[in-house]
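Enquirer: predicted model follows, preceded by the sequence.
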Amino acid sequence: MFEYELQKIHAAELIRRAEHQRLVREAGAARRWARRTARNAPEGRVSQLRGRFDRAA
């Protein structure tokens with residue numbers, strides 16, 4: 001019976017690890033998607049320093 005309980009604990013740990021890895025992968029994909037859409041958007045962050053400030057007189 002003890003070995004069965006160890007196997008159940010091990011299986012539960014593997015399921016927890018797989019869920020964590022899936023969440024990490026999904027978060028990375030969401031981050032990449034957000035960067036990609038922000039990069040293609042006409043407004044947003046300034047990507048170049050040139051033209052950011054007026055020239056001194």
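Expert: Alright, I've got the coordinates. None of the values given here were measured: they were computed from a predicted structure.

Enquirer: so where do the strands sit in this structure?
Expert: Ranges of strands within the chain: none, based on DSSP state E.

Enquirer: that one: helices as residue ranges?
Expert: Using DSSP state H, the helices assigned to the chain run over residues 2-40.

Enquirer: what ranges in it fall below the confidence cut-off?
Expert: For the chain, the stretches flagged by pLDDT under 70 are 41-57.

Enquirer: distance of the one residue sitting closest to the centre of it relative to residue 20?
Expert: Central residue of the chain (CA atoms, centre = their mean): residue 28, 2.2 Å from the mean position. Here the distance between residue 28 and residue 20 works out to 13 Å (CB to CB, to the nearest Å). Yep, even glycine has a C-beta here, placed from its N, CA and C like the rest.

Enquirer: repeat for residue 2
Expert: 27 Å.

Enquirer: quick one: contacts for residue 32?
Expert: If you count contacts by CB atoms under 8 Å, 6 or more residues apart in numbering, residue 32 has none.

Enquirer: any idea how far it is from residue 25?
Expert: For residue 32 relative to residue 25 (CB to CB), the value is 11 Å.

Enquirer: same question, residue 7
Expert: 27 Å.

Enquirer: kindly report the same for residue 13.
Expert: Distance, residue 13 to residue 25, using CB to CB: 19 Å.
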